[in-house]
Structures are given as structure tokens and as C-alpha cells.
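Novice: My questions concern the predicted model and sequence given below.
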Amino acid sequence: MKDQDKTKAQLIHELTLLRERVAQLETEKGRPMRMEESLRASENKFRIVADNSNDWEYWLSPEKECLYTSPSCQRICGYSVEEFQANPNLFSQIVHPDDLPHYKNHLEQERFTGGPCEFEFRIMHRDGTARWIRHVCQPIFDENKNFLGWRGNNCDITERRQAEEALRDSERMLHLVLDTIPVRVFWKDIDSNFLGCNRSFALDAGLKSPEEIIGKNDFEMGWAEQAELYRLDDRLVMETGRPKLGYEEPQTTPDGGRIWLRTNKVPLRDAEGRISGVLGTYEEITESKRMEEDLQKARDELERRVEERTAELEKANKELRQIPSKLISVQEEERKRLASELHDSIGQTLAAVKFWVEMSLKFRDERDGNAVMNHLEQFVPILQRSIEETRSIYMGLRPSILDKMGLLATLEWLRRECMKLYPSRHIELETGLNEKKIPESLKINIFRIAQEALNNVAKHSKAEWVDISLSQNGDRIELVVSDDGVGMKLDSIFQTDSSWTLGLTSMRERAELTGGSFEIESAPGEGTTIRASWPIEVEDKLQ
């Protein structure tokens, strides 16, 4: 192609020299010489070269009519030389309609400038396809500067344009892929200056388009705080030639925020395999990082709670292991108390009764009626006292009033008995509940919890005022026993006072085993409140 262009230039140069020589001869010899013959000779030489060229050579008249076309026209556009000769305007007719104004403008520009021009346009092949032409055109003038037309060369560059278009399509697809994938992509040169990025990366950097990042470095970006860290990674990858994959790093955003990235970097190599830069990708993991931190906090909290629960279970197990021995101890104490009461009261009463019966029988044998009557009269109070003491003992075991008159009456009896035993304590009872709403299976347990609470008050609290309340609170039955005593420190009471521990544990177990709940509120110097409650429908569960 270069040789053909050189030949054309030589022909044009020879044609110019020939014209000058003709003018010189006409001047020197005074003989006229016809310009047409000289031009015809030059044209013949041009035709010889043009007819053997692979390119499409042609001449156009000032009216853009085809004066000559080389045989290559048929290979390039599908029309023969004869068809061009038959239709001088065929050349303009096969120019693509969209490119025709562009084509004509260039021809006129060459005409007025007088210099050659090169441009590209499309022609319509005979088969209906568009072919791309690289057009080189030279205007022709005579010695008087008269315009004679154009001499041109057309080269078929369709394949090259298709390859270029395919390359552009490939580049567009690559950019589309880079802009669509849910990761950020960037690449840098050997000095860690940015060569490009995808759109997501540009937006993260606060830029309007990827083109704005070209030539910048990390110190010029919103994450300048981490620039040195990033460039150290770049140098490590480029110097070692080994990728650095899946590592986490922080990044400051253009608005001053802070996010976390999972980054990958690999070395970029040129055609000779030399490292020429670095290619990087990252994805934001701030949310997953936060979730990991929250999960770790939840795990730590769970472990803490498990440890606390384990300690509570160990403590409960320890208490449970102590309960049997405490129960045995309490049982023995209760037996000892019953034995003492039977011996001191009923036993002595029976001994006294026996003595007075024997004396009455003796006086009867002596026929002393007055003495018998005196002894019998003294015998009645002793029996009455024995009856009361016996009633007190069995009422302590299970009050018969509970079965005969119900829980509310039994609690009132318990209040009076406690005030008899401890006259210095004032006990108030408030019942705002219908007896029929209290399940039968709960009554004995409510009574025992109230009884144990009053025993604890008597033994430990030093209270002057005690309130007992049995009421309906929403859909629950609630028993509350509160006092104004010395109170206690709950954390230490279970570790130091076994009698307190056993009493509180028994109350809690009674409440929970019957489907209820149990709470203790107390502090040193602020009294104590014991609260037990059960759902009203607990009867069905107990059944």
C-alpha cells in the first residue's frame, strides 16, 4: 500500500513537471504544444498503474462525474467499469445516504484548499451491504489554475472497521460487566497511580465517572488516611509477584464515615510478562462486620449468662443436696417439739387426771362423798386445759377450720393465734377475694406459705407491723406478706442462715410446684415482702 501511494505521488509530481516543461518549450521554441497531448500521455501512464492496483482508482470531473475508474471497482463495490462508463453519476449514487453530505463537503474542501485529503465513508455494495472506504483524493488544476477535477484512491477497510467495531463492542461489554458486577474494581500503574476503575468504585470515591480517577493516587482520595497502608499492599504485590487475597481493611469515606472492605490484589503484567501495575477488587462488608460483632457480643453475653446460670444451678444443687438433711433435721425438731408438748402438757395432764381419779376412788371407798365431789370439781379444769392443748397441737399439724370454714377464715384464725403468741406485733389481714375463686388444691399451700412467712417474721424480722393480703390481681391470685422489720441481704442470707434458707426454699417450692411464682423483696433496714401468685385457672393444671 505504501509503494502504491509512493507511485501515485511520483505520477502527480511527474505530471506537474511535465506541465512546467511544456510551458517552457512553448516559450523557448515558440512552437505551440497542445496541453491535451501531454495530459493524455500522463493519463496513460496513470492508467497503466491504476489498472494494475488492488485499490480502486478513479478520476472525477468538476461536476463529480466519473471520467475513469480502475477494474478494482467491481471487487469493492460490485459494479463494473462499463457500468460506471454508462452512468457517470454512479459513484455519487452508491455513496451511503448518511455519508453523502460528508463526502461532498470533503471534495469541496479539497477543491478550495488545493491539497490532498483523506477521510472514511461508506458505499453501498451491489449486494445491499455497506462497505467502508478509506478515501484519498487530490484536486487537479492546469497551469492556469483552472480546476480540472479530482483524482482519487479508494481502499476497502470494511474488515478493519468491523474489527474496530468488534473491539469497541468488546470494550463496551467489558465496561458493562465491570459496572454491573457487585464488587469494586480498580487498576494502578507501577507507581500506584490509578489507571481506571469501574463505576461502583468511582461512586465510592465520590467521583461522577470512572474517567475522573485516571492519574490520581490514594493520597488525593477521600481515604487519604489509609493511603500509605494501601500503597504498602500495592508494593508488596508488585515486588513479590504474588496475589494478596481476601484480607479485611478499613476505609474512610468521602463524607467522613468509616466502612470495612474485603480486598483482593493481583499483579498486572505486560505482554513480556513484566509486572506493570496492580489490579484490585473489594466488596464492602461493613454490615456483615457489624453482624459478626453483634454475634460475638451475643455469644459473650450467652456465655456470661450460661456461667451465671451454671453458678445458680450449682448453688441450687447445693441447696437441694442440703434439703434432705434439713428436712430430716426439721422433722426431728418437729418430733421433739411434739414429744415435748405431749410430755409437758398432755402427759402431765393425764398424770394429774390419774392422780385425781385415784384420790376420788379412795374417798369413794372411805364413803367420803364431799371429798369425792371436791376432787371431781378440780378435775374438770384440768381436762379442759388438756383439750385446748390437744387442739393447739393438731391445729398446728392441719387446722380443721380449713376444711370446715375455708381459707379466709383459717387465715383470720392464724392472725389471731400469732397475735396471742406475739402480743407486741400488730398483724393486719386484708382479703379482697371470693372464697369460691380459690381452687381447693391451693388452699393448704397458701395457708402454709402464710404460716411460714409469719414464723419467719416472729423469729427474724423484729417487726412491729405485719400486713397480709390475699387478693385477685388481674387473672392471678396473689398472696403478699410484708413487714417493717430489719430486712435482709438476699445475696448472703442463703449462704449464712440455714433456717431462713429452708423456710424460703420451702415457700418457693410450694408456690412453683403448684403452678405459681414466688418473689422476695428485701434490703437491710427496709423490711421484707414475700409475694406468691398463681393463675386462676391453675386448678385444671393441678388436676
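Specialist: That came through, no problem. Residues are numbered from 1 along each chain as shown.

Novice: which parts of stretch 288-304 are buried?
Specialist: The neighbour-count check on stretch 288-304 (16 or more other CB atoms under 10 Å) flags Lys289 as buried. For the C-beta atoms, the positions are set from N, CA and C on the backbone; glycine is no exception.

Novice: What mean pLDDT does that stretch get?
Specialist: Stretch 288-304 shows a mean pLDDT of 88.

Novice: One more: stretch 73-85?
Specialist: For stretch 73-85, the mean pLDDT works out to 90.

Novice: That one: end-to-end distance?
Specialist: Terminal residues of stretch 73-85 are spaced 12 Å apart (CA to CA, to the nearest Å).

Novice: now swap in stretch 119-134 and tell me
Specialist: Terminal residues of stretch 119-134 are spaced 6 Å apart (CA to CA).

Novice: buried ones in that stretch?
Specialist: Neighbour counts over stretch 119-134 (16+ other CB under 10 Å) mark Phe119, Phe121, Arg122, Ile123, Met124, His125, Arg131, Trp132, Ile133, Arg134 as buried.

Novice: Quick check: beta-bridge partners of the fourth one?
Specialist: In this case it means Ile123. Beta-bridge partners recorded for Ile123 (DSSP bridges): Val95, Arg131.

Novice: again with the first one
Specialist: With DSSP bridges applied, the residues forming beta bridges to Phe119 are His135.

Novice: Just checking, which of the buried residues of stretch 119-134 comes out lowest on pLDDT?
Specialist: The lowest pLDDT within the buried residues of stretch 119-134 belongs to Phe119, with 87.

Novice: any idea how far that one lies from Ile446?
Specialist: Distance, Phe119 to Ile446, by CB to CB, to the nearest Å: 108 Å.

Novice: Nearest residue to the middle of this protein?
Specialist: Glu287 (4.3 Å; CA atoms, centre = their mean).

Novice: did I read that right, that residue in a strand?
Specialist: No. Glu287 is assigned helix when assessed by DSSP: H, G, I helix; E, B strand; the rest coil, not a strand.

Novice: ok, it to Arg508 distance?
Specialist: According to CB to CB, Glu287 and Arg508 sit 46 Å apart.

Novice: With Tyr230 instead?
Specialist: Distance of Tyr230 to Arg508, computed by CB to CB: 62 Å.

Novice: ok, now Gly149?
Specialist: With the distance defined as CB to CB, Gly149 ends up 118 Å from Arg508.

Novice: Helices along the stretch 301-450 of the chain, start to end?
Specialist: 348-365, 369-397, 400-405, 407-421, 440-456 (DSSP state H, counting those that start in this stretch).

Novice: now the strands for the stretch 101-250 of the chain?
Specialist: 117-124, 130-141, 147-156, 184-189, 194-197, 244-252 (DSSP state E, counting those that start in this stretch).

Novice: Quick one, which of those gets closest to Glu464.
Specialist: Smallest distance to Glu464 across those (CB to CB): 65.9 Å, for strand 244-252.

Novice: Each with direction, which strands does that closest one pair with?
Specialist: Paired neighbours of strand 244-252 in the sheet (DSSP bridges): strand 258-269 (antiparallel).

Novice: Now do the partner strand: distance to the chain's middle.
Specialist: 21 Å (CA atoms, centre = their mean, to the nearest Å).

Novice: quick one: strands adjacent to the helix or strand just after that strand?
Specialist: The first helix or strand that comes after strand 258-269 along the chain, using DSSP states H and E, is strand 275-284. When pairing is defined by DSSP bridges, strand 275-284 lines up against strand 184-189 (antiparallel), strand 258-269 (antiparallel).

Novice: Turn these into a markdown table, columns for mean pLDDT.
Specialist: Formatted as a markdown table, the strands paired with strand 275-284 follow (pLDDT from 0 to 100):
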| stretch | mean pLDDT |
| --- | --- |
| strand 184-189 | 94 |
| strand 258-269 | 93 |
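
Novice: could those be laid out in JSON lines, adding mean neighbour count and distance to Glu239?
Specialist: As requested, the strands paired with strand 275-284 are exported to JSON lines (neighbours: other CB atoms under 10 Å; distance: least, CB to CB, whole Å):
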{"stretch": "strand 184-189", "mean neighbour count": "20", "distance to Glu239": "14"}
{"stretch": "strand 258-269", "mean neighbour count": "17", "distance to Glu239": "9"}
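
Novice: can you redo the ones you listed as TSV with distance to Trp534?
Specialist: Putting the strands paired with strand 275-284 into TSV (distance: least, CB to CB, whole Å) gives the following:
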stretch	distance to Trp534
strand 184-189	62
strand 258-269	53
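
Novice: Next, the contact list for Arg476, please.
Specialist: By CB atoms under 8 Å, 6 or more residues apart in numbering, the contact set of Arg476 is Ser533, Trp534, Pro535, Ile536.

Novice: let's see 6 Å
Specialist: Listed by CB atoms under 6 Å, 6 or more residues apart in numbering, the contact set of Arg476 reads Ser533, Pro535.

Novice: swap in Gly78?
Specialist: Per CB under 6 Å, 6+ apart, neighbours of Gly78: His125, Arg126.

Novice: run the last query once more with 7 Å
Specialist: His125, Arg126, Asp127 (CB atoms under 7 Å, 6 or more residues apart in numbering).

Novice: likewise Ile468?
Specialist: Applying CB under 7 Å, 6+ apart, we find Ile468 in contact with Leu411, Arg415, Ile427, Glu428, Leu429, Ala450, Val481.

Novice: Please, which helix or strand holds it?
Specialist: Ile468 belongs to strand 465-473 when assigned by DSSP H and E.

Novice: What are the buried residues along the very next helix or strand once past that strand?
Specialist: Beyond strand 465-473 on the C-terminal side, the first helix or strand identified by DSSP H and E is strand 476-483. Neighbour-count burial for strand 476-483 flags Ile477, Glu478, Leu479, Val480, Val481, Ser482, Asp483 (criterion: 16+ other CB under 10 Å).

Novice: any idea of the angle strand 476-483 forms with helix 407-421?
Specialist: Angle, strand 476-483 to helix 407-421, by axes from the mean of the first three to the mean of the last three CA atoms, to 10 degrees: 10 degrees.

Novice: ok, strand 476-483: who's next to it in the sheet?
Specialist: Strand 476-483 has the following strand partners under DSSP bridges: strand 465-473 (antiparallel), strand 528-535 (antiparallel).

Novice: how distant is it from the center of its chain?
Specialist: 47 Å.

Novice: now swap in stretch 410-427 and tell me
Specialist: Computed by CA atoms, centre = their mean, the separation of stretch 410-427 from the middle of its chain amounts to 63 Å.

Novice: Quick check: Asp169 vs Ala163, distance?
Specialist: When distance is defined by CB to CB, Asp169 is 11 Å away from Ala163.

Novice: any chance you could map the helices in the stretch 1-150 of the chain?
Specialist: Under DSSP H, counting those that start in this stretch, the stretch 1-150 of the chain gives helices at 2-29, 35-51, 72-77, 81-86, 90-94, 100-113.

Novice: What are the contacting residues of the shortest one?
Specialist: It refers to helix 90-94. Taking CB under 7 Å, 6+ apart as the rule, helix 90-94 contacts Tyr58, Lys64, Cys66, Cys77, Tyr79, Glu83, Phe84, Ile123, Met124.

Novice: Specify which member of the buried residues of stretch 119-134 is nearest to Glu220.
Specialist: Comparing those against Glu220 with CB to CB picks out Phe119 as the nearest, at 40.9 Å.

Novice: you'd agree the closest one is up against His106?
Specialist: Yes. In this structure Phe119 lies within contact range of His106 using CB atoms under 7 Å: 5.1 Å.

Novice: Let me see the mean pLDDT of stretch 157-164.
Specialist: In the prediction, stretch 157-164 has an average pLDDT of 88.
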